[in-house]
Structure formats: structure tokens, C-alpha cells
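Student: Model the following, please.
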Amino acid sequence: MKILILGGTRFLGRHLVEALAARGHEITLFNRGQSNAALFPQLESLRGDREGNLMALEGRCWDTAIDTYGYLPRLVGASAALLARSVERYVFISSISVYPNPEIPGLNEDSPPGRLADPSVEEITEETYGPLKALCEEVVEKSFPARALIVRPGLIVGPHDPSDRFTYWPSRIALGGEVLAPGEPERQVQFIDARDLAAWITLMVEKKETGVYNATGPAEKLTMRETLEACRAACGKDSNFHWVGEEFLAEQGITAYRGKNEDPFWLPERTAGMMAVDCSRAIARGLTFRPLSRTVQDTLAWDQKRSPKGTWLISSEKEAQLLSSWNRL
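Tutor: The predicted model follows:
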């Protein structure tokens with residue numbers, strides 16, 4: 001197939017390129033050339049941006065377009081409308097953040113998305129990110145009726161993750177010692193290795209599938225305790241976990257992950273539904289998950305080799321201070 005990827009040089013995009021190339025597809029990249037521009041020298045790269053510079057896409061035809069970085073409906077709508085007559089199918093990478101009720105477990109693709117009181121808003125905040133993604137889905141489906149594949153991932157993890165939210169845990173636990181573990185240890189968590197997501201999207205593209213799919217994992221229930229214990233086992237370090245209460249952490253200014261690069265991956269009980277999303281539809285269409293130990297080992301290996309090093313979301317000094325204060329309670 002001839003496949004156009006909008007983006008393609010950062011995190012999920014680069015894993016998508018590698019998965020598609022391994023299957024022999026002909027890939028064209030469209031981006032600004034500002035991130036990892038030399039990453040895939042063997043591929044055709046078209047330069048431009050979505051803010052009024054789509055000329056490089058005009059007069060070209062592809063079997064599928066994969067949109068990896070659409071956030072504003074105005075810009076996503078422009079690229080979708082331009083490609084509607086020259087591309088057979090459009091894949092849009094959305095988010096489970098489209099669901100407005102994070103406290104409800106079992107949200108599925110038929111659960112209503114969030115809405116903006118003012119749909120013209122373009123400032124991306126914690127409150128607007130999900131509804132804006134939902135509007136992006138709508139403009140894609142308008143230009144590609146019955147020809148769009150909408151993928152709603154949860155937290156994406158693995159090598160080349162720029163956020164360090166998940167990477168923090170194997171990297172921190174690999175150092176050993178006394179580790180601050182946030183919140184309730186038995187609460188459910190969900191995330192997906194970027195390589196598993198890329199492999200499944202490749203499969204869906206090859207099968208010419210359409211529709212809306214939640215795409216996070218694993219297939220069985222996974223707890224925060226099991227996640228950190230898997231990190232400890234994979235790292236081979238003697239780490240001791242101290243489970244620290246959410247209220248205490250909030251009082252100390254440590255907020256749970258809500259889509260920002262501020263704190264490690266965890267969510268409080270009041271948003272537990274976002275870690276219990278129903279992904280059975282995607283699993284029935286072939287979504288599979290590698291062992292967590294492999295994700296941990298590969299993420300740690302990448303983190304130890306990369307330059308510059310990532311950002312520690314909780315410094316060792318801050319962690320020691322928090323544990324000291326917690327243990328005095």
C-alpha cells in the first residue's frame with residue numbers, strides 16, 4: 001500500500017513507520033522537519049504544516065493517510081478535506097480522553113464524548129484536550145464517511161516516549177532503595193506499548209478496517225502494584241515500595257498524571273474509570289500485548305542509552321523528603 005503519515009518521526013509515529021516498513025508498504029512522511037528530521041532518510045518526506053501550508057499534499061494520491069498529531073479540529077479538518085478525494089481511508093489517532101466521565105469504569109466506544117460549550121476554543125488545556133479530540137474525530141468522519149478509522153489510545157509507553165511518565169518507574173526502580181509508590185496499590189491501571197499499538201494499526205490498515213476503537217491494555221486486569229513489581233523483577237534490583245496516600249501527596253503538591261509531563265504515571269481513585277476502559281472491540285480485531293517485562297526492559301535500555309537524559313519527574317531529594325514526612329505521620 002501507499003501510505004501517507006502526518007508526523008511520523010516522534011514516538012508512536014516512528015514506531016508506525018517501522019511497523020509499516022517492515023510489512024513492505026510504501027511510506028511518505030508529511031511534517032515540518034523539526035523533530036528527528038534525519039530519522040528515515042530512505043523515505044520520501046514532504047515538508048509543510050497544517051497552519052495553511054498543505055501544498056505538498058496537493059495532486060498526490062495514497063491508499064491510506066494516518067494522522068498521528070491532530071489536536072485542533074480546524075487544522076485536522078483542513079487536511080482531511082484536502083485528502084478526501086485522493087486518499088481511500090483516513091486513520092486518526094484520538095484518545096480515551098474524549099470521554100467526559102473519568103470516574104466511570106467500562107467506558108466503551110458507544111459512550112458519549114465530551115463537548116465544548118464553545119466549539120471555537122483552540123487553547124489546549126486539561127479540560128479542552130478531550131473535547132477537542134472528539135471534534136477532530138467528527139471532522140474526519142465528515143470528510144471520510146464510512147472510510148475513517150478512529151483509534152482512541154490510553155497512555156502510550158515504551159522506547160522513545162518523550163513524556164517520561166512511565167519511563168520514570170523502571171528508571172527509578174533500577175536504582176534500588178526506598179521507592180515512593182503513590183496511591184492505592186490494588187487499583188487498576190491501563191497502558192499500551194507503542195509498538196503493540198503500531199502493529200495493530202498496521203493490521204487494521206491492511207484489512208481496510210473502519211470504525212471507532214479504544215486501544216489500551218492489557219487484556220487482563222493489571223494493578224499498580226503488579227506494574228511496579230514487574231519493574232522490580234525486570235530490573236533485578238532490591239527496591240522497597242512505600243505506598244503513600246493520595247491526600248498526602250496532593251497536600252505536598254504532587255498531582256496525579258492528567259496528560260501533562262509533570263508527575264509519574266498514576267491516577268487517583270476519582271478518575272479510576274480512565275484506567276478501566278473497555279477495549280474488547282479492538283482485542284476482537286487482533287490487538288495483542290507483549291509481556292510487561294519486555295516493555296520495562298526495552299524502555300529501561302533505551303532510557304540508559306539516550307542523550308540527553310530524560311527528566312526525573314520526582315527528584316531523588318524530593319522523594320526522600322516526601323518519604324520522611326510520610327513515615328512521621
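Student: Considering only helices and strands, which part of this protein has the lowest mean pLDDT?
Tutor: helix 246-251 (a mean of 90; mean pLDDT, DSSP states H and E).
Student: which outside residues touch that helix?
Tutor: For helix 246-251, the surrounding residues in contact (Cβ atoms under 8 Å, 6 or more residues apart in numbering) are 182-184, 255-256, 268-269, 322, 325-326, 329. C-beta here means a position set from N, CA and C on the backbone, and glycine is covered the same way.
Student: How about the contacts made by S325?
Tutor: 248, 252.
Student: For it, grab phi and psi.
Tutor: Main-chain torsions, S325, degrees, to the nearest 10: phi -70, psi -40.
Student: Next one: it, what pLDDT does it get?
Tutor: pLDDT for S325: 95.
Student: where's it relative to V244, distance?
Tutor: 9 Å (Cβ to Cβ, to the nearest Å).
Student: same check, this time on P145
Tutor: Between P145 and V244 the distance, using Cβ to Cβ, works out to 50 Å.
Student: show me the contacts for E209.
Tutor: 149, 285.
Student: pLDDT wise, what is it at?
Tutor: Per-residue pLDDT puts E209 at 98.
Student: same question, V205
Tutor: Value for V205, per-residue pLDDT: 98.
Student: From what I see, it and M1 are in contact.
Tutor: Yes: if you go by Cβ atoms under 8 Å, V205 and M1 touch, sitting 7.0 Å apart.
Student: Overlap in contacts, the two.
Tutor: Counting by Cβ under 8 Å, 6+ apart, the common neighbours of V205 and M1 are T64.
Student: Which residue of the two possesses the greater neighbour count?
Tutor: A direct count of neighbours by other Cβ atoms under 10 Å for V205 and M1 places V205 higher, at 22 against 17.
Student: Next up, the contacts around the more buried one.
Tutor: Neighbours of V205 in contact, by Cβ under 8 Å, 6+ apart: 1, 3, 20, 64, 66, 89, 91, 149.
Student: quick check, the third one in a helix?
Tutor: Yes: counting by DSSP: H, G, I helix; E, B strand; the rest coil, L20 falls inside a helix.
Student: Please, where are all the strands along this structure?
Tutor: With DSSP state E as the definition, the chain shows strands at residue ranges 2-6, 26-31, 44-47, 62-67, 87-93, 148-153, 156-157, 177-182, 192-193, 211-215, 239-244.
Student: Deepest-packed of those strands, please.
Tutor: Highest mean neighbour count of those: strand 192-193, a mean of 26 (counted as mean count of other Cβ atoms under 10 Å).
Student: Output the contacting helices and strands for that one.
Tutor: In this structure, strand 192-193 packs against strand 156-157, with contacts taken as 3 or more Cβ pairs under 8 Å, 6 or more residues apart in numbering; DSSP states H and E.
Student: who touches the strand it packs on?
Tutor: Applying Cβ under 8 Å, 6+ apart, the external contacts of strand 156-157 come out as 11-12, 165-167, 191-194, 197, 265, 295, 299.
Student: Quick check: neighbours of it in the sheet, parallel or antiparallel?
Tutor: Partner strands and pairing direction for strand 156-157 (DSSP bridges) are strand 192-193 (parallel).
Student: sorry, back to before: could you dump the contacts of V205 into JSON lines with pLDDT and distance to A282 added?
Tutor: Putting these into JSON lines (pLDDT from 0 to 100; distance: Cβ to Cβ, whole Å) gives the following:
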{"residue": "M1", "pLDDT": "97", "distance to A282": "21"}
{"residue": "I3", "pLDDT": "98", "distance to A282": "20"}
{"residue": "L20", "pLDDT": "98", "distance to A282": "18"}
{"residue": "T64", "pLDDT": "98", "distance to A282": "18"}
{"residue": "I66", "pLDDT": "98", "distance to A282": "16"}
{"residue": "R89", "pLDDT": "98", "distance to A282": "17"}
{"residue": "V91", "pLDDT": "98", "distance to A282": "13"}
{"residue": "L149", "pLDDT": "98", "distance to A282": "11"}
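Student: between those residues, which is nearest S315?
Tutor: For these, the residue nearest S315 by Cβ to Cβ is I66; the value is 37.5 Å.
Student: circling back: as JSON lines, the strands of the chain with distance to S316 would be great.
Tutor: Converted to JSON lines, these look like this (distance: least, Cβ to Cβ, whole Å):
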{"stretch": "strand 2-6", "distance to S316": "39"}
{"stretch": "strand 26-31", "distance to S316": "36"}
{"stretch": "strand 44-47", "distance to S316": "41"}
{"stretch": "strand 62-67", "distance to S316": "39"}
{"stretch": "strand 87-93", "distance to S316": "35"}
{"stretch": "strand 148-153", "distance to S316": "31"}
{"stretch": "strand 156-157", "distance to S316": "22"}
{"stretch": "strand 177-182", "distance to S316": "9"}
{"stretch": "strand 192-193", "distance to S316": "27"}
{"stretch": "strand 211-215", "distance to S316": "35"}
{"stretch": "strand 239-244", "distance to S316": "13"}
